[in-house]
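# Turn this into a model:
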Amino acid sequence: RPARPCRCVTLEREIHTVSRHETWHRRRRHAVEFLSQVLDSPGRDAVKGAVRTLRDIGLLDRTETLTLLGEHVASLSCDPRLGKALVLAAMFRCVLPMLSVVACLTRDPFYNSLQNRARVTE
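Sure thing, here's the model as predicted:
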């Protein structure tokens, strides 16, 4: 059986999504500790780099808790950097131009469309 292609989701997005879950907050785990227990865990250096990126862009604080900006970005289903751009664009009332920029920066904006649903689930 051929190897399945990796999902087109960044590690930063996964950590950002996981940090929203109640069990994460209840136990106050750090990303490296938490993700080391999953079945197909990423490397420790990759997780540390992803957490560093999320801190650098202001979505996580020093304790790996979501900031207010991080909570807003976590509700979007996109790369955290692009999500931050969209949230800030909404704050500065320039969403339409930023949507064009984000669409251009997205790998394939039509990849998740209904017409390609079969290709997405492969």
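
# just the helices in the chain please.
According to DSSP state H, the chain carries its helices in the segments 11-18, 22-27, 31-35, 44-56, 68-74, 80-91, 95-105, 117-121.

# Let me see the mean pLDDT of the fifth one.
This predicted structure assigns helix 68-74 an average pLDDT of 92.

# Which parts of it count as buried, going by neighbours?
Buried residues in helix 68-74, counted by 16 or more other CB atoms under 10 Å: 69-70, 72-74. The way it works is simple: take the backbone N, C-alpha and C, and place the C-beta from them, glycine included.

# Just send those back as CSV, with distance to residue 30 too.
What follows is those, written out as CSV (distance: CB to CB, whole Å):
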residue, distance to residue 30
69, 20
70, 16
72, 23
73, 20
74, 18
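
# of all those, which comes closest to residue 38?
Among these, residue 74 lies closest to residue 38 (CB to CB), at 18.8 Å.

# Which of the buried residues of helix 68-74 sits closest to residue 31?
residue 70 (13.1 Å).

# Please report the distance of that closest one from residue 100.
Distance, residue 70 to residue 100, using CB to CB, to the nearest Å: 24 Å.

# and residue 36, what does it touch?
Contacts for residue 36 (CB atoms under 8 Å, 6 or more residues apart in numbering) come out as 44, 47.

# what's the pLDDT at it?
In this prediction residue 36 is given a pLDDT of 76.

# Low-confidence regions, this structure specifically.
Low-confidence regions of the chain, defined by pLDDT under 70, span residues 1-11, 16-29, 107-122.
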